[in-house]
Structures are given as structure tokens and as C-alpha cells.
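Student: any chance you can model this:
(chains A and B)
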Amino acid sequence: MSPRERAMVPRADPQSYYGQPVLKQPVWAPEVPFYFFAGGMAGASAGLAFAAGLRGNSELERRAWSVALVGLAVSPPLLISDLGRPERFLNMLRMFKVSSPMSVGSWILAAFGGATTVAAGSELTGLYPAAGALAKPVAAALGMPLATYTAGLLANTSVPVWHGARHTLPFVFAGGSAASAGAAATIATGLGSAAPARRLAVGGALAAVGAAFVMERSLGEIGEPYHEQAAGKLTRAAGALNLAGAALIAARGRRSRKAAIAGGALITAGVIAERWAVFRAGFQSAADPKYTVGPQRARVERGESRGAARRAGASNVGSVSESV
Amino acid sequence: MGHRVLTLDTRASAESYGESARPRMGFFTDTSLCIGCKACEVACKEWNHVPADVPEFSGKSYDNTLSLGANTWRHVAFVEQRKPVGAEAAAEDLVEAAERANAVDGFGIQTYQDGDGVRWLMSSDVCKHCTSAACLDVCPTGALFRTEFGTVVVQDDVCNGCGYCVPACPFGVIDRREDDGRVWKCTLCYDRLRDDMEPACAHACPTDSIQFGELDELRERAERRLERMAEAGQTEARLYGADPEDGVDGFGAFFLLLDEPEVYGLPPDPVATTRDVGQVWTGVLAGAAALGAGIAAAVFGRRR
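Tutor: Okay, the predicted model is just below:
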């Protein structure tokens, strides 16, 4: 083996301790990818509802606020049940830490929850229209980072396939959120009022598939989990479902209610599969020490980093140790 | 480093303790002195009431524990190599080899080559108590905090078991205890430190492989040790985590190793990925903006 001639990529044979992982597997349960889906759908739906209201499309506005409310309603239970100590969920609001996307996200979700409850409640009941008018733009604005902070949450870890995607994963989640909000509104809204929802569903699905493709390519060898085992299957399923749903809505969604509903269902399934693909890829990435050690060793061999180990005689400031 | 714009400063900040601040304390684990007795593992478990896991036979040398975790705060690794011990291997002839072996004996290197040509490396791993600690950075509740000794400790009465620290740690140290729901790791015996006692593992170590003290003093001691070993021909010796310039800005618990870190299951270039949190937030906001633009385009775009 001559690792140096391929130093741009992780070595095929990084050393390890009996193949043991360097990183710990995440402890998050299935609630988490479902929350990524529900929270993303709620956030994007609030944006869609607010925009539809501005456009004067009141049927779409109502339906999208309803979707936002449903997505919001299931989010805290999903998150709380994933905690090791669910009764301490309020500790999430004990601090505000910019270094922790989970902390910032908890505050975004709390604020979004308040604004969306008022906005959607007012829209659906007709009560307190002034408060509703005030809450709608707030909910819509908070909905956007609510849909993408979860990508930052994953990227802010040591898991190579997540941290390596910090520039691209937010676009995968943005596309998926747009697709799921568009798909839900397409399903829930009559053909005549659903044109913006169809465009959002089709555009979001294409954006999600495209962004996922760019992410996998830009990850290089550490993106391998997206082609293997569970994450590989989920990635392929997500692409197929999203593209099929988008094609169906684009081709027949304007005329056929059944086609619109079927297309919306396909995209919904595709977005859920994509969230699961990202989630599982992180576990696969953490489980194999080659994804952790390979890129680090390559960094040291390329001289980009000195690494954490230093032999005698090597300078301990700045320079690259020839021996490590 | 310039890219630390958006992080709160969660690095060693004993200053914030004012008059109760103490010198930064740490471990220097000199693996060349480790005999693999696991007294550190046992002492740690006993003192800290860490629950017993009943290990299965792993078939991996004398190691059935395999890694640090919620219930293993010290972990002794056993590496078997068909590789000559450095000092003797560097010798020109048998006489020099004998002299070098004597020199090595002189400062107590415990690793050796047995009659079958197998070299044994033993190493007691522990939480690194990083200067820039990703676990602490990502903890949303503030359960993880920096003590007045500069160490990183979980407050078990605050932790809600969100698990964010688990994949954040670049060393795979911290983990959630399944029947308990909270995360656990080495506290550097915070309770003992407050009573001016050394941590249980260092106290129990029969060969002084685990040395406890003020970090500055330990770094000087390690430097001298490394130089003496190099002079005696043990040029494979290296310090791991002793420099404040690495990806976690230096370990509070650092090591002397006799091979590459990954051989012991340690990452060769660990990084607190939270140093990129500015890029993370830029990505999140860019994604949010793209989503808003997409919604606007879908709703206000030309109706076909």
C-alpha cells in the first residue's frame, strides 16, 4: 500500500484498536428523524400560510396554518420522549447557548409554538384577529430557521458525515421542508387554490434530491454511508419517492385531485425517507473508525495539521512534525 | 483562532471563579509505565459508585471493556504487536542493544517484547478534559460545566439526557447510561479534588503511569520524560495532547504513547468541531433564506 499517493482521501487501511469505533454512536431514538420531518413541515407551512395570506389565497392560507399547527403539536412530544429524563425537558430553556444548536433550536421552537398557536388559532376560529395578524409574520419568520436548524444540530457534532456536510445539509433540510409543506397543502387543499402548494411541493422535492446529491458528492469518501446499508437504501428510496411524487403532481396534479393526493403522499414519504437516510448515515459514519481516523491521518500527512501527537525534537508550536 | 466568533467562551475559564479559582489540574498518563493491572478501572468504579457492566469475553487480548463509556471512566487498552521495541531495535549491535535495554530499564519502561516476539502496549485511557470541550459547548442545559480546576464535569441533577454531547465528543468518551437516562463520564474526581486529594485512579496506580497534578507542571515533567526516552533510543515515544495548539486547544489529561494514537483507539487529530459553529449557523441561515425564497417564488411566481 502506498497511502501517500492517495493522501487526498482517507487511507483504505487506517489503523484502529481492534476495529473499535473512535466515536460513540448517537443515542437518539426514532423520534428524532420524525421530529426533523414534523418540525420542518410545520416551519415551512407557516411560511406558506403567511405568503398565501398576503397573496389573498385564503383557502390555502387556512389549510397551511392547519398543517403548521399539526406539525407543531407533535414536535414537543417527539422531542421530550427522546430525552433520557423527559421530566426535565424544561431544562432545555435553562440557558441560551449559541454554541449549541439544540439550545437555540429549543428557543426557536418555543417561540414558534407560541406564535403559530396564536396565528393558526386566530385564523381557524376567527377570534382575536389583531393578535393573529401580529403573530402570523412572526411564526412565518421563525418557521424558516426551525426547518433548517436541525441540520446545523447534526453538523455541530464530531460525526464525519454530519460535520462534513455543514455547508450542504441545511439545503437538504430546506428542500425537504418545502416539499413536505407543499405536499401536505396539496393534499389538504382543493385543486383551484392549491397551485402554489403544488409548485412548492415539486420545487422542494427537486431541491431536496438535488441538494442531497450535491452533499453526497462533496463529502467524498466520508459520504460512503449514503451508499451502503440502511442509509444507502433510504437514500435511494427518498430520491425515487420524491421524483415520482414531483412527476405525478407536475403532470396530473392540476386536473386530478387523486393524482395530487397520491403525489403529495409520495413526496411526504420521500421526505421522511431522506430524514431517515441522514440520521442512519450518522450512525454508520460513527461506527467505523476509518471515517474518523482516515481523514485525520490524511490531514496530518498532507501537512495541514500537526495532529495531537508530537515526538521528541519536534517543535511544539505551529510547525508540522516530520515524525508523526 | 479567528473563527471562534459565535461560540460562547466555554474554554478553561478558571478566572470566572474569581478568588475561588484554582490552578488547572490534570493527568499525565505515561503509557510506557503501564503494566495493564486495571487498578485504575477498579479504583474509579469503587470511588465513584460506577455501576458494574458484566462484560462478555471479547477475544481482544486482555480487554473485555473495549472502550470508555457511561460506566467506564478509565479504560485500559491492550495492544499486541509483532514489532520490535524501539530502543533495542535502533541498536547497531548486541552490545549496544544491551546498553539501550539497560537504559530503558533505568527509567522503568514496562512495555516489553516477550519470548514470542510480541510487543505489549498498555494504556489507561480517560476523559481528556479538553481546553475547548465540544461536549460542554453543545450541552443545551448547562449540565456540563467547567470547574474551578479547569476540568469538565456533568451535573447529574441538571442533565436531562438529551444526548447531544455523545456524538459531539471527538474521543467517544461520554455516553448515556441506559437505565438511568443521563450521561456520565470522568469527573477527575471533582469531590476528591475539593478535599485536596488526588483522583482515585492516580492514587491506585502502582507504577505512577497515571500522574496527577497541576497541568503546567505535568507538561514540563512529560517534556523531560520524552527527551530522556529519546536520548535512550526510545524514539517512538510521543506526547499526545500536551500542546495547546491542537484541535481541542490542549488536553487537561494528556498521554505519552509508544505508537500512533489510532493504534490505541485514539483519534490522531481530534478537533472540537464546535469551533466551526459559525459556519454551521451560516449554513442554517442560508438554508432558511433559501426556504423563504422558495416559498415566495411558489406563491408569488407567475401563475401558469
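
Student: need the phi and psi values for the residue in the stretch 151-300 of chain B that chain A sits nearest to.
Tutor: Of all residues in the stretch 151-300 of chain B, the one sitting closest to chain A is B:Gly161 (2.0 Å; Cβ to the nearest Cβ). No exception for glycine: its C-beta is placed from N, CA and C like everyone else's. Dihedral pair for B:Gly161: phi 70, psi 30, per degrees, to the nearest 10.

Student: which one is it nearest to, not counting chain neighbours?
Tutor: A:Gly84 (2.0 Å; Cβ to Cβ, 6 or more residues apart in numbering or on different chains).

Student: B:Cys189 now?
Tutor: Here the residue nearest B:Cys189, using Cβ to Cβ, 6+ apart, is B:Pro199, at 3.6 Å.

Student: pretty sure A:Ser177 contacts A:Gly40?
Tutor: Yes. Proximity of A:Ser177 to A:Gly40 meets the contact threshold set by Cβ atoms under 8 Å, at 3.4 Å.

Student: anything in contact with each of these two?
Tutor: With Cβ atoms under 8 Å, 6 or more residues apart in numbering or on different chains applied, the overlap between the contact sets of A:Ser177 and A:Gly40 consists of A:Ala147, A:Thr148, A:Val271.

Student: picking that back up, and the residue nearest to B:Gly161, which of the three is it?
Tutor: Secondary structure, DSSP: H, G, I helix; E, B strand; the rest coil: A:Gly84 is coil.

Student: and the helices in the stretch 101-250 of chain B?
Tutor: B:134-138, B:165-168, B:190-194, B:200-204, B:215-231 (DSSP state H, counting those that start in this stretch).

Student: tell me the centre residue of the chain?
Tutor: Chain wasn't specified; assuming chain A. The C-alpha lying nearest the average C-alpha coordinate of chain A belongs to A:Phe173 (Cα atoms, centre = their mean; 3.7 Å).

Student: other chain: chain B
Tutor: Central residue of chain B (Cα atoms, centre = their mean): B:Lys128, at 2.9 Å.

Student: got the contact list for it?
Tutor: Counted by Cβ under 8 Å, 6+ apart, B:Lys128 has contacts B:Phe171, B:Val173, B:Gly241, B:Val248, B:Phe251, B:Gly252, B:Ala253, B:Phe254, B:Pro270.

Student: what residues does the stretch 51-200 of chain B put near chain A?
Tutor: Residues of the stretch 51-200 of chain B lying near chain A by Cβ under 8 Å from any Cβ of the partner chain: B:58, B:60, B:63, B:66-67, B:69, B:77, B:79, B:134, B:137-143, B:158-164, B:166-176, B:180-183.

Student: how many residues are close by the closest residue to chain B within chain A?
Tutor: Nearest residue of chain A to chain B (Cβ to the nearest Cβ) works out as A:Gly84 at 2.0 Å. Residues near A:Gly84, counting by other Cβ atoms under 10 Å in any protein chain shown, number 19.

Student: buried residues in stretch A:129-140?
Tutor: Using 16 or more other Cβ atoms under 10 Å in any protein chain shown as the test for burial, stretch A:129-140 gives A:Gly132, A:Ala135, A:Lys136, A:Pro137, A:Val138, A:Ala139, A:Ala140.
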